[in-house]
Every structure is written in C-alpha cells, then in structure tokens.
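Okay, here's the prediction I keep looking at, along with the sequence it came from:
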Amino acid sequence: MVIGQGMAIALAGIVLGTATALALTRVLMSLLYEVTPTDPSTFAIVVGLLGTAAFAACCGPALKAARVDPVVALRYD
C-alpha cells in the first residue's frame, strides 16, 4: 500500500514532467549537445531512472511499516 501510493505520486510527476519537457523542446534545443530534443531513448532512460529512484525511496517506509506488529499498532489507537 505504501509503495503503491508513493509510486502513484511519482508516476503523476513523471507524466507531467515528460509532457512539459516535450512542450518545451524549442527552449531545450539550445541547451542540448548532439541529442535531439525529442530523442525517445533519452526520455526512456530518464523515465526509467526516475522510476527506479522513486521506487527505492518508497521501499524504506514500506519496510519500516511492514515491521510493525499489527497488535501493537492497534493497542496504541
């Protein structure tokens, strides 16, 4: 559940970021060297790296939540 919620937020950010980057290709063209602004492999690599980083960031809290004993957690409520 923790990983799912975190990855949903990350996916929304990746989609919005990719759409924004594609919309700003004319501005980005002057900043790129030997890469076209809409290079699919570059976009795929960046999306993959960001997705992997987001998944790794979600795993820490998920592992911590999985270690909590449900009976102890319910006692505190």
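Here it is on my side, so go on. What you see is a predicted model, and the numbers here were worked out from it, not measured in a lab.

what secondary structure does residue 34 sit in?
Per DSSP: H, G, I helix; E, B strand; the rest coil, the secondary structure class of residue 34 is coil.

Can you get me a residue count around it?
Residue neighbour count, defined by other C-beta atoms under 10 Å, stands at 5 for residue 34. From N, CA and C alone the C-beta is placed, and that goes for glycine too.

which residues does the residue nearest the centre of the chain contact?
When C-alpha atoms, centre = their mean is applied to the chain, the residue found nearest the centroid is residue 10 (3.6 Å). With contacts defined as C-beta atoms under 8 Å, 6 or more residues apart in numbering, the neighbours of residue 10 are 50-51, 54-55, 58.

10 Å instead, please
50-51, 53-55, 57-58 (C-beta atoms under 10 Å, 6 or more residues apart in numbering).

any chance of these in a markdown table, plus pLDDT, neighbour count and distance to residue 66?
Written out in a markdown table, the entries for the contacts of residue 10 read as follows (pLDDT from 0 to 100; neighbours: other C-beta atoms under 10 Å; distance: C-beta to C-beta, whole Å):
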| residue | pLDDT | neighbour count | distance to residue 66 |
| --- | --- | --- | --- |
| 50 | 95 | 16 | 24 |
| 51 | 95 | 14 | 21 |
| 53 | 96 | 11 | 21 |
| 54 | 96 | 18 | 18 |
| 55 | 96 | 14 | 15 |
| 57 | 95 | 13 | 16 |
| 58 | 94 | 18 | 12 |
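
Many thanks, have a good one.
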